[in-house]
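Participant: Got a sequence here, can you build the structure:
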Amino acid sequence: YLAVATSLSRMLLGPVAAQLGKKRLLIVADGMLHYIPFGALPDPNRLGGSDGNWQPLVVEHEIVNLPSASTIVVLRRELARRKPASRMLAILADPVFSRDDERIRKGARLAAQPAPAPLSERDLIQIGGGKPGELRINRLPYTRLEAEQILPLVPAGAGMKALDFEASRATAMSEQLSQYGYGHFATHGLADSERPELSTIVLSLFDEQGRPQDGFLRAHEVYNLNLPAEMVTLSACETGLGKLTRGEGLVSLTRGFMYAGAARVVVSLWSVNDRATAELMTKFYRRVLVEGERPAAALRAAQVEMWRDKRWEAPYYWAAFTLQGE
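Facilitator: Modelled structure (predicted):
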């Protein structure tokens, strides 16, 4: 990783290394550069010598990814006349994906059991499981822990926690969510780079009686939501991916949530580890909601804290999430 990342850092950042200082970096990417986690690139001014020491760019720089100019124009026009949200945080997490889920069998919402080992989303999604051609989506055990660690960070009555069957498409599309300044989706995400309008956030696919229901919140539906939020976090896999379009950059779930009203969106670039993501998101939200840091600064600090922890120091665990928007 270090050899390739260093080469890329020298190519992209080397020409401006002397101008970086400790400034906030606004990245307006083009083409495949949308898929690069700039925060994980070695800082061109901090490359080690023969000992191989290095420091990721995010240690000394806040990094914000800006979409196309047209999206920023729409965002700023909307933000100029926006009133503050009446409530603080809405979380949708740990939906019900399969008919044999214990919450259906026992007819009750059960606390999540500790996972035997953290898994990536790509490990958890199995094509062809069960009936031929069926898409089987397994439970993400740490999304519930993520929700239960984040919600206590807001005052009583200022948050909404929709777990299990309540983490549904109907909840996501309800006007109720428009009351909250922060929206958090902790679930599976499925990206479609050829047909970005079909990229989706996966919510509960069954109701309490085990009857199947539409649980796919598709990108083209997100455009029509009313979500005048300060920030929406898509704590799922590959939610920052989409289709590259000439003149408009990346058409994706990110763009949809911005058009729905979100000033900024936190998304991921690859299939993330669910245990590490719960750790990262708890650190991130504590800084935003309790310590009052700006989202870009809070994400930077949370990622640096992960990098300095031997358990999570590999960029795979923390660098997937990027902040897009204003």
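Participant: how about the strand or helix carrying Thr277: buried residues?
Facilitator: Element membership for Thr277, per DSSP states H and E: helix 274-285. Buried residues in helix 274-285, counted by 16 or more other CB atoms under 10 Å: 274-285. Where you see a C-beta, it was placed from the backbone N, CA and C, and this is true even at glycine.
Participant: Now these in JSON lines, please, with extra columns for distance to Leu75 and pLDDT.
Facilitator: Listed next are these as JSON lines, based on distance: CB to CB, whole Å; pLDDT from 0 to 100:
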{"residue": "Asp274", "distance to Leu75": "30", "pLDDT": "83"}
{"residue": "Arg275", "distance to Leu75": "33", "pLDDT": "88"}
{"residue": "Ala276", "distance to Leu75": "30", "pLDDT": "91"}
{"residue": "Thr277", "distance to Leu75": "26", "pLDDT": "90"}
{"residue": "Ala278", "distance to Leu75": "29", "pLDDT": "90"}
{"residue": "Glu279", "distance to Leu75": "30", "pLDDT": "93"}
{"residue": "Leu280", "distance to Leu75": "25", "pLDDT": "94"}
{"residue": "Met281", "distance to Leu75": "23", "pLDDT": "94"}
{"residue": "Thr282", "distance to Leu75": "28", "pLDDT": "94"}
{"residue": "Lys283", "distance to Leu75": "26", "pLDDT": "96"}
{"residue": "Phe284", "distance to Leu75": "21", "pLDDT": "96"}
{"residue": "Tyr285", "distance to Leu75": "22", "pLDDT": "96"}
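Participant: what about the helices in this protein?
Facilitator: Listed in chain order, the helices of the chain (DSSP state H) span 2-12, 17-20, 69-80, 102-105, 121-124, 142-150, 169-172, 219-222, 253-259, 274-285, 295-307, 315-318.
Participant: next one: the first one to chain centre, how far?
Facilitator: Mean C-alpha position of helix 2-12 versus that of the full chain (CA atoms, centre = their mean, to the nearest Å) differs by 25 Å.
Participant: and what of the fourth one?
Facilitator: Average the C-alpha atoms of helix 102-105, do the same for its chain, and the two points are 28 Å apart (CA atoms, centre = their mean).
Participant: Now for the nearest residue to Pro155 once chain neighbours are set aside: which residues touch it?
Facilitator: Distances taken as CB to CB, 6 or more residues apart in numbering put Met88 closest to Pro155, at 7.3 Å, once the chain neighbours are dropped. For Met88, the contacting residues are 154-155, 158-159, 180-182, 289, by CB atoms under 8 Å, 6 or more residues apart in numbering.
Participant: Distance-wise, check the nearest residue to Arg287 once chain neighbours are set aside relative to Asp274.
Facilitator: Once flanking residues are discounted, Arg287 sits nearest to Ala298: 3.7 Å by CB to CB, 6+ apart. Distance of Ala298 to Asp274, given as CB to CB, to the nearest Å: 21 Å.
Participant: Val288 now?
Facilitator: Taken as CB to CB, the span from Val288 to Asp274 is 21 Å.
Participant: hmm, back to that, what packs against the helix holding Thr277?
Facilitator: Here helix 274-285 is seen to pack against helix 142-150, strand 180-186, strand 231-235, helix 295-307, helix 315-318 when contacts are counted using 3 or more CB pairs under 8 Å, 6 or more residues apart in numbering; DSSP states H and E.
Participant: neighbours around the residue lying closest to Tyr35 once chain neighbours are set aside, how many?
Facilitator: Once flanking residues are discounted, Tyr35 sits nearest to Leu269: 5.9 Å by CB to CB, 6+ apart. Neighbourhood size, Leu269 [other CB atoms under 10 Å]: 20.
Participant: wait, the residue nearest to Arg287 sits on Leu289?
Facilitator: No: look at Ala298 against Leu289 with CB atoms under 8 Å: they stay out of range, at 9.1 Å.
Participant: Tell me the one of the buried residues of helix 274-285 nearest Ser199?
Facilitator: Set against Ser199, the nearest of the buried residues of helix 274-285 by CB to CB is Thr277 (18.8 Å).
Participant: Contact partners for the closest one?
Facilitator: Here Thr277 is in contact with 142, 146, 235, 321 (CB under 8 Å, 6+ apart).
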